[in-house]
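Engineer: quick check, what structure comes out for this input:
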Amino acid sequence: MHRRMKCYFERVAGAPDPLVFRLKRRVRFSEVDVMGISWHGRYPVYFEEGSAELGRRCGLSYQDFYEANIRAPIVQLHIDYHRPLYLDEEFTIVASYLWSEGARLNTEYSLIKQEGSVAASGYTVQMFIDSVSQEPYLISPDLLERFRRRWQAGEFACLT
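Structural biologist: Just a heads-up that it's a prediction; the model follows:
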């Protein structure tokens, strides 16, 4: 089966290029089934590893959210499975932030096998909640606005 790699979020004209981070890793013993194939429920964890590293480099780490009294739950998760990952196979997690004007964080993912084919692709959408009031942000919180200003200023150019 061949599926075309696609972009999940519409690109905003004039917006900065996506911020992309790549992380190499191997499939661990604890992540595979009896056939030596990575269990499908591990793929969101792989996505999260890439997202967490990208966030650390952009001022959007878990600690940054915590200190700003913001929670950022994932409200949408989508995965397209293309090819299996096997025990001890090396692959690359690619996580990309896509520009959005809304009070949300759009992230696309790809899991790239060592020979270059796509094992899986997908996306997440995170919304923001005030940790004190538990109310959702209808406009972007200051932390996200600062991140966007830095992104527009090109401070994260080394990631793209």
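Engineer: give me the distance between residue 13 and residue 39.
Structural biologist: 40 Å (CB to CB, to the nearest Å). Just so you know, the C-beta spots here come from the backbone N, C-alpha and C atoms, and that holds for glycine as well.
Engineer: what do you get for residue 53?
Structural biologist: 22 Å.
Engineer: all helices for the protein, in order.
Structural biologist: Assigned by DSSP state H, the helices in the chain fall at 43-58, 62-67, 142-152.
Engineer: now the second one: mean pLDDT?
Structural biologist: This means helix 62-67. For helix 62-67, mean pLDDT is 96.
Engineer: contacting residues around that helix?
Structural biologist: Helix 62-67 is contacted by residues 52, 55, 71-72, 131, 143 when judged by CB atoms under 8 Å, 6 or more residues apart in numbering.
Engineer: pull the most distant pair out of the residues you listed.
Structural biologist: 52 and 131 (18.6 Å; CB to CB).
Engineer: neighbour-wise, which of the two wins?
Structural biologist: residue 52 (15 against 12; other CB atoms under 10 Å).
Engineer: still on that earlier bit, let me know which of the helices of the chain is the nearest to residue 80.
Structural biologist: helix 43-58 (9.8 Å).
Engineer: now the angle from the closest one to helix 142-152?
Structural biologist: 70 degrees (axes from the mean of the first three to the mean of the last three CA atoms, to 10 degrees).
Engineer: quick check: buried residues in helix 43-58?
Structural biologist: In terms of neighbour count (16 or more other CB atoms under 10 Å), helix 43-58 has its buried residues at 43-44, 46-48, 50-51, 53-55, 58.
Engineer: can you check stretch 132-140 too?
Structural biologist: 137, 140.
Engineer: isn't residue 23 up against residue 53?
Structural biologist: Yes - Residue 23 lies in contact with residue 53 (CB atoms under 8 Å); the separation is 5.4 Å.
Engineer: what is in contact with these two at once?
Structural biologist: In contact with both residue 23 and residue 53: residue 95, using CB under 8 Å, 6+ apart.
Engineer: show me what residue 118 is bridged to.
Structural biologist: residue 112 (DSSP bridges).
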